[in-house]
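1. here are the coordinates; sequence isn't available:
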């Protein structure tokens, strides 16, 4: 079972405005969509399922009810099921450590054998949640993956990633 974390953020093509008080980006009346890197992770999970390396793909998100739209998008891309860790609408946006903790709980409950995530979210560019999730689960991790190969018989995953000097 592959768990895929997806995040709702301002659409990459939307014109953004800074709030009048300078405290962040104005998000009212702005198109929101799935983080494009999360979409790539969903597509990779679907490739693994088509190759029979995964039995099921479960999309998960953490945030207010409105974030459910990214789960519907993941289901439209082929995910088998979706899970939503709902936060109150008026609560601050979940931070990487809180999201990693929630994802770890879902991964354990779902008995996931692999968790895929986008390399980073285009809203905060933190690139922290995946590393924190690996630590929370006590799992090894491969970051910035450009290719994922699963050898189920050996219980191994091979991750190829692009680096400045080529492929690693």
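-> Here it is on my side, so go on. Just so it is clear, the structure is predicted and the values come from calculations on it, not from any experiment.
2. contacts, neighbours, all on C-alpha from now
-> Will do.
3. now do stretch 160-168, average pLDDT.
-> Averaging pLDDT along stretch 160-168 gives 84.
4. pretty sure residue 99 contacts residue 129?
-> Yes. Under the criterion of CA atoms under 8 Å, residue 99 is in contact with residue 129, at a separation of 6.8 Å.
5. how about the strands in this structure?
-> 2-5, 8-10, 32-34, 57-63, 81-86, 114-116, 145-151, 156-163, 166-167 (DSSP state E).
6. just name the most buried of these.
-> Burial of the strands of the chain is given as mean neighbour count (mean count of other CA atoms under 10 Å); strand 2-5 ranks first at a mean of 27.
7. adjacent strands (with direction) for that strand?
-> Sheet pairing for strand 2-5, assigned by DSSP bridges, gives strand 57-63 (parallel), strand 114-116 (parallel).
8. list of residues touching the last one?
-> The contact list for strand 114-116, computed with CA atoms under 8 Å, 6 or more residues apart in numbering, reads 1, 2, 3, 4, 5, 41, 42, 45, 107.
9. ok, so of these, who is nearest residue 62?
-> The shortest gap between residue 62 and any of the contacts of strand 114-116 belongs to residue 5, at 8.5 Å (CA to CA).
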